[in-house]
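A.B. asks: predicted structure and sequence below. I'll ask about it afterward.
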Amino acid sequence: MSDIINCALKSLLRKRLRTLLTVGSITIGVMLVVIVTMISNAGKKAVNSELESLGISGLSISTSNSLTSGGLNGITFENLELIRKTKNVTTAMPLMIHYASSLLRESRHDTLICGIDAGAKQAISLNLKYGRMISKGDVGAVDHVCVVDETLAKQSYGRENITGKTIYLQIYGVEEEFKIVGVSEAGSSLMQNFVEFIPSMVYVPYSTLQTLTGRDNFDQVAVRVTGNADIVNTENQILERLRHATGYTDYFRADNLSLQRDRLGGLLDIVSIVLTVISSISLVVSGLGIMTILLVSVNERMREIGIKKAIGASGKRILLEFLTEAVVISFFGSVTGIFVGGTISFVGIKMFGLSVPVRISDYILLIAFSIVIGGAFGVYPAVKASRLKPVDALRME
């Protein structure tokens, strides 16, 4: 077998430029597949991380607006305690939402005020960068403290760490003074590109927001369940307990955010597969190039083939020599394509501040696929060369 490989390499080196151009066609095809795959995987990972950072996981328990006219409005503290006592519920944090404006260092911004409880980090994946989170003491004392996101800090002070500063939140036309005790991450660079459309986030104790707005209920409850629990079953248990406690069948609503996130992930997988298949068409085109070059090579090496057969070379050996040439071209082209495409993708993805997912198994499969493509398109020229009769081949000039 080593003798066949040596003969194949010598034949390819005799026409270096032609071999290099053929390898280049495979390189371009593989490079496109690598770029599309890496960008798709990085994009999917970034979207999933962003949804996780926004709390898009677990369950969200809310109420139907259709029944508010009957005197019902929001989730009560009793409802919250009932949810917390449900089996497989690890965290249940109340959330209040209030749209307002904020004044920070003479700079006014549209702001989304979130009333939260201690433990927001576990419930809605709120990541702290500086200072501290809202504590149980803050909630119990109805303190005027808050955690702001880093985007708001940068816009006002040009830096991220502004703990200890004062921010004014306009609630129902009244400017309320809050002390900044922490700065949270604003999310990945994916969401930071949309800061002009998304209001700044300010997190305050829910008890403080209840006092300032005159409310005694919550807009929703963020629920996390144990890792091995059936989230759909837990959702049904929560709704059934709330219905039994209140007597209302259509008042409470549960949104399975994990399921929605998984569906979005499935959609991204489909898009990634479609783009990969489209880019793989270039590999097929490269395979046609290999077949064309080998057919030309067969015509050029008629006398060589005739001499080899005349001195005892079998048709199988001739077949293997040409197939080996196709495989060698595909192998070197795919390895080069992975290196070039991986480098381009790595640099491009890093420029956007995203992490680069690397799976060696994908690259091994891509090399194997390229070799299969090259071998498949090399079969016809190889069979043609192996079936040449020595007499006919030796007559060719």
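C.D. replies: That came through, no problem. Numbering: from 1, shown residues only.
A.B. asks: where does pLDDT dip in the stretch 151-300 of the chain?
C.D. replies: 187-198, 257-258, 260-261 (pLDDT under 70).
A.B. asks: mind listing the helices for the stretch 101-250 of the chain?
C.D. replies: Secondary structure of the stretch 101-250 of the chain, counting by DSSP state H, counting those that start in this stretch: helices at 120-124, 136-141, 150-157, 189-192, 206-213, 231-246.
A.B. asks: for the ones you listed, which one sits closest to residue 386?
C.D. replies: Among the helices of the stretch 101-250 of the chain, helix 189-192 comes nearest to residue 386, with 55.3 Å by C-beta to C-beta. Placement of C-beta: from N, CA and C, glycine included.
A.B. asks: just to revisit the earlier point, closest one to residue 294 among the helices of the stretch 101-250 of the chain?
C.D. replies: helix 189-192 (46.3 Å).
A.B. asks: would you mind measuring from residue 108 to residue 145?
C.D. replies: Applying C-beta to C-beta, to the nearest Å, the value for residue 108 to residue 145 is 21 Å.
A.B. asks: who has more neighbours, those two?
C.D. replies: Per other C-beta atoms under 10 Å, whichever of residue 108 and residue 145 has more neighbours is residue 145, with 20 against 12.
A.B. asks: shouldn't that one be in contact with residue 207?
C.D. replies: No - using C-beta atoms under 8 Å, residue 145 is not in contact with residue 207, being 11.4 Å away.
A.B. asks: on that earlier part again, I'd like the helices of the stretch 101-250 of the chain laid out as a markdown table, including mean neighbour count.
C.D. replies: A markdown table is the format used below for those (neighbours: other C-beta atoms under 10 Å):
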| stretch | mean neighbour count |
| --- | --- |
| helix 120-124 | 20 |
| helix 136-141 | 15 |
| helix 150-157 | 20 |
| helix 189-192 | 15 |
| helix 206-213 | 20 |
| helix 231-246 | 16 |
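A.B. asks: now the ones you listed as a markdown table including distance to residue 300?
C.D. replies: Output for the helices of the stretch 101-250 of the chain, formatted as a markdown table (distance: least, C-beta to C-beta, whole Å):
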| stretch | distance to residue 300 |
| --- | --- |
| helix 120-124 | 69 |
| helix 136-141 | 83 |
| helix 150-157 | 66 |
| helix 189-192 | 54 |
| helix 206-213 | 81 |
| helix 231-246 | 66 |
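A.B. asks: and those helices: which comes nearest residue 375?
C.D. replies: helix 189-192 (41.0 Å).
A.B. asks: show me what contacts residue 243?
C.D. replies: If a contact means C-beta atoms under 8 Å, 6 or more residues apart in numbering, then residue 243 has 249, 251-252 as its contacts.
A.B. asks: again, only using 6 Å
C.D. replies: residue 249 (C-beta atoms under 6 Å, 6 or more residues apart in numbering).
A.B. asks: model confidence over stretch 116-130, on average?
C.D. replies: For stretch 116-130, mean pLDDT rounds to 76.
A.B. asks: how far does that stretch stretch from start to finish?
C.D. replies: 18 Å (C-alpha to C-alpha, to the nearest Å).
A.B. asks: returning to what we had before: of the helices of the stretch 101-250 of the chain, give the one that comes closest to residue 27.
C.D. replies: helix 189-192 (30.7 Å).
A.B. asks: tell me the domain ranges of this structure?
C.D. replies: The chain breaks down by automatic domain parsing into domains covering 2-51+263-395, 92-222.
A.B. asks: right, and those - which one's nearest residue 86?
C.D. replies: Closest among the domains of the chain, using C-beta to C-beta: domain 92-222, at 8.1 Å.
A.B. asks: what's the end-to-end length of the closest one?
C.D. replies: 6 Å.
A.B. asks: and for stretch 83-91?
C.D. replies: Termini of stretch 83-91 sit 9 Å apart (C-alpha to C-alpha).
A.B. asks: same question for it, mean pLDDT?
C.D. replies: 87.
A.B. asks: how near is residue 388 to residue 311?
C.D. replies: Counting by C-beta to C-beta, the gap from residue 388 to residue 311 is 14 Å.
A.B. asks: more neighbours: which of the two?
C.D. replies: Set residue 388 next to residue 311 and count neighbours by other C-beta under 10 Å: residue 388 wins out with 20 against 8.
A.B. asks: pull the residues that contact stretch 173-187.
C.D. replies: 50, 53, 126-133, 144-151, 153, 160, 162-163, 165-169, 192.
A.B. asks: out of these, which are buried?
C.D. replies: 53, 126, 129-131, 133, 144-151, 153, 160, 162-163, 165, 167, 169 (16 or more other C-beta atoms under 10 Å).
A.B. asks: now, which of these lie within strands?
C.D. replies: 129-131, 145-149, 167, 169 (DSSP state E).
A.B. asks: wait, which of the helices of the stretch 101-250 of the chain is closest to residue 99?
C.D. replies: Closest among these, using C-beta to C-beta: helix 206-213, at 11.3 Å.
A.B. asks: tell me what angle that closest one forms with strand 145-149.
C.D. replies: 100 degrees (axes from the mean of the first three to the mean of the last three C-alpha atoms, to 10 degrees).
A.B. asks: only alpha carbons, please: show helix 206-213 as PDB.
C.D. replies: Extracted in PDB, the C-alpha atoms of helix 206-213 (Å, rounded to 0.1, in the frame of the first residue of the first chain):
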ATOM      1  CA  TYR A 206     -40.200  44.600  45.600                       C
ATOM      2  CA  SER A 207     -41.500  45.900  48.900                       C
ATOM      3  CA  THR A 208     -40.100  49.400  48.100                       C
ATOM      4  CA  LEU A 209     -41.800  49.400  44.700                       C
ATOM      5  CA  GLN A 210     -45.000  48.200  46.300                       C
ATOM      6  CA  THR A 211     -45.000  51.100  48.700                       C
ATOM      7  CA  LEU A 212     -44.200  53.700  46.100                       C
ATOM      8  CA  THR A 213     -46.800  52.400  43.600                       C
END
